[in-house]
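Novice: model this:
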Amino acid sequence: MIASVLESVGPELRCREAALVVRLRQAGSVVVAYSGGVDSAYLALVAARELGSRALSVTADSPSYPERHRRIALDVARQYGFAHEVIRTDEMARPAYRANDVDRCYHCKHELYTHLTALARERGFAAVADGSNADDRGDYRPGRRAAREFAVISPLDDVGLGKADIRALAREAGLPTWDEPASACLSSRVPYHSDVTDEKLRAIEAAETAVRDLGFRVVRVRHHGDLARVEVGAGELARVTEPGIARNLDRALRALGFRHVTVDLRGYRLGSLNEGVTLKPV
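Specialist: Numbers count the residues shown, from 1 in each chain. I've put the predicted structure just below:
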């Protein structure tokens, strides 16, 4: 992964980087939806550098947002001097979100953009920008529908920057999160049509922390009622089945209330809970 990222730096990428600067300048002023992930962090960095006080990065704090990501977002914003604020969103108050149908992400993003567009309007910012990138095209992302409804712009996608491009540019810029594993909200660990509850979210967060504490880097814990299905990176699968590690993993997750702890032998893959569900790109 790292080698492929480093090899991707070249004149074509420089052109897309320059196009990003032009795109942000065209926007004039932006509120960046800043989760702390590499995409939104790089966008926030460039926006702050190019627009100064006309760029504001905003992190939405909610029960589905992991504490680990919150710390990363705050640390990076402080380190690079972003104009940064944290707001509270309450997607859990929306019955359609808690019901966890296949469009759950739409209701989450609708809540987020309701707040961000209101803030932008009140403060005089011309646009709200998100960190969607070119690799997101064609994927099932119902949150994109909400973005279109609120006229949210996606500068990284607009100029054709994909994930590897962004990692390379973020590394060059010195962002410490340039190789941070991709992540998503905690609710994405709950199977569709199983209600999202605060209790489940806290159990998932604690379980993933426990797995990381055992030295794993890429981690998902899927919540199937009293069963925890653990996914780790493909390169870490051999280690997770070592007797001592497996024993400690089982003990830690049972202590959180799970009666059964399993390891997915296919390892982590993006959107594993979408498997077996008919979904169309949004």
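Novice: so who does residue 32 touch?
Specialist: Neighbouring residues of residue 32 by Cβ atoms under 8 Å, 6 or more residues apart in numbering: 40, 43-44, 47, 55-58, 128-131. (Glycine included, C-beta is placed from N, CA and C.)
Novice: Identify the bridge partners of it.
Specialist: Beta bridges link residue 32 to residue 57, residue 129 when assigned by DSSP bridges.
Novice: Tell me the buried residues in whichever helix or strand residue 107 is part of?
Specialist: Assigned by DSSP states H and E, residue 107 falls within helix 104-123. Counting neighbours by 16 or more other Cβ atoms under 10 Å, one finds that the buried residues in helix 104-123 are 104-113, 115-117, 119-120.
Novice: Centre of the chain to it, how far?
Specialist: Remark: helix 104-123 is offset 16 Å from the chain centroid, using Cα atoms, centre = their mean, to the nearest Å.
Novice: Is the spatially most central residue of the chain within a helix or a strand, and which one?
Specialist: Here the mean C-alpha position of the chain is nearest to the C-alpha of residue 184 (Cα atoms, centre = their mean), at a distance of 4.0 Å. Assigned by DSSP H and E, residue 184 belongs to no helix or strand.
Novice: same question, residue 125
Specialist: Using DSSP H and E, residue 125 maps to neither a helix nor a strand.
Novice: Neighbours of it, how many?
Specialist: If you count neighbours by other Cβ atoms under 10 Å, residue 125 ends up with 22.
Novice: re earlier: farthest-separated two in the buried residues of helix 104-123?
Specialist: Farthest-apart pair in the buried residues of helix 104-123 is 104 and 120; separation 24.6 Å (Cβ to Cβ).
Novice: remind me which residues of this structure are low pLDDT?
Specialist: Scanning the chain for pLDDT under 70 picks out 1-9, 271-282.
Novice: which residues of it fall in strands?
Specialist: Secondary structure of the chain (DSSP state E): strands at 30-33, 55-61, 84-88, 127-129, 219-224, 227-232, 260-263.
Novice: Out of the ones you listed, which is the most enclosed?
Specialist: Counting by mean count of other Cβ atoms under 10 Å, strand 30-33 has the highest mean neighbour count of these, with a mean of 27.
Novice: export that strand as PDB, just CAs?
Specialist: This file holds the C-alpha atoms of strand 30-33, laid out as PDB (Å, rounded to 0.1, in the frame of the first residue of the first chain):
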ATOM      1  CA  VAL A  30     -16.000  27.000   2.600                       C
ATOM      2  CA  VAL A  31     -17.100  25.100   5.700                       C
ATOM      3  CA  VAL A  32     -15.300  21.800   5.500                       C
ATOM      4  CA  ALA A  33     -17.000  18.700   6.900                       C
END
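Novice: Could you measure from the residue of the chain most remote from its centre over to residue 249?
Specialist: The centre of the chain is farthest from one residue, residue 243, which by Cα atoms, centre = their mean lies 32.1 Å away. According to Cβ to Cβ, to the nearest Å, residue 243 and residue 249 sit 11 Å apart.
Novice: How about residue 212?
Specialist: Distance from residue 212 to residue 249, counting by Cβ to Cβ: 11 Å.
Novice: Residue 228 now?
Specialist: Distance, residue 228 to residue 249, using Cβ to Cβ: 9 Å.
Novice: any shared contact partners between those two?
Specialist: When contacts are counted by Cβ under 8 Å, 6+ apart, residue 228 and residue 249 are jointly contacted by residue 261.
Novice: Residue 59 reaches residue 87, doesn't it?
Specialist: Yes - with contact defined as Cβ atoms under 8 Å, residue 59 counts as touching residue 87 (7.5 Å).
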